[in-house]
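>>> Just to be clear, the model below is a prediction. Sequence and coordinates:
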Amino acid sequence: SRSEARAWAMWSLPALLFLVAFFHRAAPGIIAKDLMQEFGVSGAIVGLLSATYFYAYAGFMIPAGLGIDAFGVRRVVAAGGIVMGLGTVAMGLAPAPRLLFAGRFAVGLGATVTFIGALKIAATWFPPSRFGFLSAVTATVGIVGALASTAPLAALVGLAGWRGALGIVGLGTLAASALCFALVRDRPERGGPGVTPVPGLGAIFAGALEILKNPHTWPPFLAFFCLYAAFGNLALWVVPYLRDVYGLSGERAALYATAPSLALLVSAPLTGYLSDRVWKRRKLPYVACSASSFAVWTVFVATLGALPLGGVYLLLLLLGTVGGAFVLTWPIGREVNPPHLAGIAVAVVNFGGFLGAALTQGPIGAVLDARWAGALSAGARVYPVEAYAAAFRTCAALVLAAALLSLLLRETRGRNVYAELRQGGRR
């Protein structure tokens, strides 16, 4: 119908800006060598630069939701896109690392509003029964953004250089932001099926405190912390690893780096579907996927630098195939907390993943630096396979921790069990 087509049009521009936001999460991995050559920085500095995005994103997650509720998706997401675009342009023009970090922080700050904005449009323009489907589609758009930050970005860097590539992405982001401001409407003219009253600031903080006090919140929070930390570091260092150890060009290494995201395009929504419709379980698939992920990580680390490139690609593909457990973090977080705090519960457990990426990327870069043997290529550090083995062993340990933490999850069977948990705690 015309109304549904218009609803999709309203959703598409915030979703496009979310694609750009997700693109930026892994983009430093493609230009890591260029940054080392240009600024003479170490792996730890590249890791901290990448983590700056996650610090900004995590720190402003709750204010972003408040801003969207107060001022509307159209204004806030368009403003966030402008900040993200200007930050990207600033990175491309940066004469020194200081401005590079400032631009990266601005990118993360602007990106904060995009996912929440797309979901807000889904909630107000579509019937409530469609929200789960729209959430999955929005997450899939993010994975497409991750794909765009691999081979397509490497090709653009090959054509325009890393500065030119960031300039083009920044200008495109500014154009999409202008379209968002011009075309998006916060709600249908006659109200929407999903329009709900907005909670006040006091209610939001009181709800967050109640969720943090709930011991059943912490296993999904910490499991997602570990899983996303491992995945974020893989995305950051897999291209430099393939360049240093296998001697690949940036463009060819980026093609191999597409494997996990390509697999996640299928495995993430499939994991959610099987959990909802087939197994009707949350804990079982989370444990199974996390344990399988650790097994693949173990093989990946044990064979580092020894397998032919076809074997490396297969292992990267398998990491994405069994890496869909994270999509169950949000429903579990929602289902073990009070139903009226569902949105805040999802935000709290989601925060765990961004915190994991923010706190680990700099230290894992330092792990690489500690094992650097002094080799340089065009001014960029070349790390030996032993350095990458130490870094990826840390990632494998994080996935093992996630698998162990998943054993502490409460099985909800897809329904809210908060009342049952409270009754059981009183006995």
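Cool, the structure landed.

>>> ranges for the strands of the protein?
376-377, 380-381 (DSSP state E).

>>> so who does Pro269 touch?
Contacts for Pro269 (C-beta atoms under 8 Å, 6 or more residues apart in numbering) come out as 136, 139-140, 327. All C-beta spots, glycine's among them, are computed from the backbone N, C-alpha and C.

>>> And for His216, the neighbour number?
20 (other C-beta atoms under 10 Å).

>>> Name all residues that make contact with it.
So His216 contacts 336-337, 410, 421 (C-beta under 8 Å, 6+ apart).

>>> In ChimeraX, how would I select just the buried ones from those residues?
Listed next is the ChimeraX selection for buried residues among the contacts of His216, using 16 or more other C-beta atoms under 10 Å:
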select :336,337,410,421
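
>>> Can I get the contacts of His216 in CSV including pLDDT and distance to Val41?
Shown next, in CSV, are the contacts of His216 (pLDDT from 0 to 100; distance: C-beta to C-beta, whole Å):
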residue, pLDDT, distance to Val41
Val336, 92, 43
Asn337, 89, 42
Arg410, 93, 44
Leu421, 87, 48
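
>>> Filter the contacts of His216 down to the ones in helices?
Leu421 (DSSP state H).

>>> Identify the farthest-apart pair in the contacts of His216.
Asn337 and Arg410 (10.7 Å; C-beta to C-beta).

>>> circling back: among the contacts of Pro269, which pair sits farthest apart?
Pairwise over those, using C-beta to C-beta, the maximum falls at Thr140 and Val327, 10.1 Å.

>>> Of those two, which one has the most company?
Val327 (23 against 16).

>>> Give me the neighbour count for the closest residue in space to Leu179 that isn't next to it in sequence.
Closest residue in space to Leu179, ignoring its immediate chain neighbours: Leu13 at 5.7 Å, by C-beta to C-beta, 6 or more residues apart in numbering. Leu13: 26 surrounding residues under other C-beta under 10 Å.

>>> Save the contacts of Pro269 as CSV, and put in pLDDT and distance to Gln37 too.
Formatted as CSV, the contacts of Pro269 follow (pLDDT from 0 to 100; distance: C-beta to C-beta, whole Å):
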residue, pLDDT, distance to Gln37
Ala136, 75, 40
Ala139, 84, 35
Thr140, 86, 35
Val327, 84, 37
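
>>> if we can go back for a sec, shared neighbours, Thr140 and Val327?
268-269.

>>> what about the longest helix along the chain, distance to the chain center?
Determined from DSSP H, the single longest helix within the chain is helix 2-39. Mean C-alpha position of helix 2-39 versus that of the full chain (C-alpha atoms, centre = their mean, to the nearest Å) differs by 11 Å.

>>> now for it, which elements pack on it?
If you count contacts as 3 or more C-beta pairs under 8 Å, 6 or more residues apart in numbering; DSSP states H and E, helix 2-39 packs onto helix 43-59, helix 73-93, helix 97-125, helix 131-148, helix 151-183, helix 218-246, helix 250-257, strand 380-381.

>>> Need the residues that contact the shortest one.
To tie it back to what came earlier, the one meant is strand 380-381. Taking C-beta under 8 Å, 6+ apart as the rule, strand 380-381 contacts 33-34, 36-37, 42-43, 369, 372, 375.

>>> Isn't Gly29 up against Ala235?
Yes. Between Gly29 and Ala235 there is a contact at 5.6 Å, judged by C-beta atoms under 8 Å.

>>> Find the residues that touch each one of those two.
Shared contacts of Gly29 and Ala235, counting by C-beta under 8 Å, 6+ apart, come down to Ala257.

>>> per-residue confidence for Val195?
For Val195, the pLDDT comes out at 48.

>>> Residue ranges in this protein under the pLDDT threshold?
129, 131-132, 190-201, 343, 425-427 (pLDDT under 70).

>>> 50 - rerun?
Low-confidence segments of the chain, defined by pLDDT under 50: 194-195, 427.

>>> Tell me if I'm right that Ala257 and Leu316 touch.
Yes. If you go by C-beta under 8 Å, Ala257 and Leu316 touch, sitting 7.4 Å apart.

>>> Which one's more surrounded, these two?
Ala257 (28 against 23).

>>> residue contacts, the more buried one?
Ala257 neighbours (C-beta under 8 Å, 6+ apart): 29-30, 150-151, 235, 238-239, 242, 316.

>>> at 7 Å what do you get?
Counting by C-beta atoms under 7 Å, 6 or more residues apart in numbering, Ala257 makes contact with 150, 238-239.

>>> can you redo those as JSON lines with neighbour count?
Output for the contacts of Ala257, formatted as JSON lines (neighbours: other C-beta atoms under 10 Å):
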{"residue": "Thr150", "neighbour count": "28"}
{"residue": "Val238", "neighbour count": "24"}
{"residue": "Val239", "neighbour count": "28"}
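
>>> can you put the residues you listed in JSON lines and add distance to Ala380?
Below are these laid out as JSON lines (distance: C-beta to C-beta, whole Å):
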{"residue": "Thr150", "distance to Ala380": "19"}
{"residue": "Val238", "distance to Ala380": "16"}
{"residue": "Val239", "distance to Ala380": "12"}
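
>>> Let me know the closest of these to Val144.
Looking across the contacts of Ala257 and measuring by C-beta to C-beta, the closest to Val144 is Thr150, at 11.1 Å.

>>> Was I right to think that closest one contacts Tyr256?
No. Taking C-beta atoms under 7 Å as the definition, Thr150 is not a contact partner of Tyr256, at 8.6 Å.

>>> got the buried residues for stretch 385-395?
387-395.

>>> Which two of the residues you listed have the greatest separation?
Ala387 and Cys395 (13.3 Å).

>>> tell me the contacts of Pro358?
No, residue 358 isn't Pro; it's Ala. Counting by C-beta under 7 Å, 6+ apart, Ala358 touches 51, 54-55, 58.

>>> Run a quick neighbour tally on the closest residue to Val169 other than its chain neighbours.
Of all residues not flanking Val169 in the chain, Thr88 sits nearest, at 5.4 Å (C-beta to C-beta, 6+ apart). Applying other C-beta under 10 Å, we find 29 residues neighbouring Thr88.

>>> For Thr88, list the residues it contacts.
103, 107, 166, 169-170, 173.

>>> how does it look with 8 Å?
Contacts of Thr88 by C-beta under 8 Å, 6+ apart are 24, 103, 107, 166-167, 169-170, 173.

>>> Output the contacts of strand 380-381 in JSON lines; the columns should cover neighbour count and distance to Gly353.
JSON lines is the format used below for the contacts of strand 380-381 (neighbours: other C-beta atoms under 10 Å; distance: C-beta to C-beta, whole Å):
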{"residue": "Lys33", "neighbour count": "23", "distance to Gly353": "27"}
{"residue": "Asp34", "neighbour count": "19", "distance to Gly353": "27"}
{"residue": "Met36", "neighbour count": "22", "distance to Gly353": "27"}
{"residue": "Gln37", "neighbour count": "17", "distance to Gly353": "31"}
{"residue": "Ser42", "neighbour count": "16", "distance to Gly353": "26"}
{"residue": "Gly43", "neighbour count": "27", "distance to Gly353": "22"}
{"residue": "Asp369", "neighbour count": "17", "distance to Gly353": "25"}
{"residue": "Trp372", "neighbour count": "15", "distance to Gly353": "29"}
{"residue": "Ala375", "neighbour count": "11", "distance to Gly353": "34"}
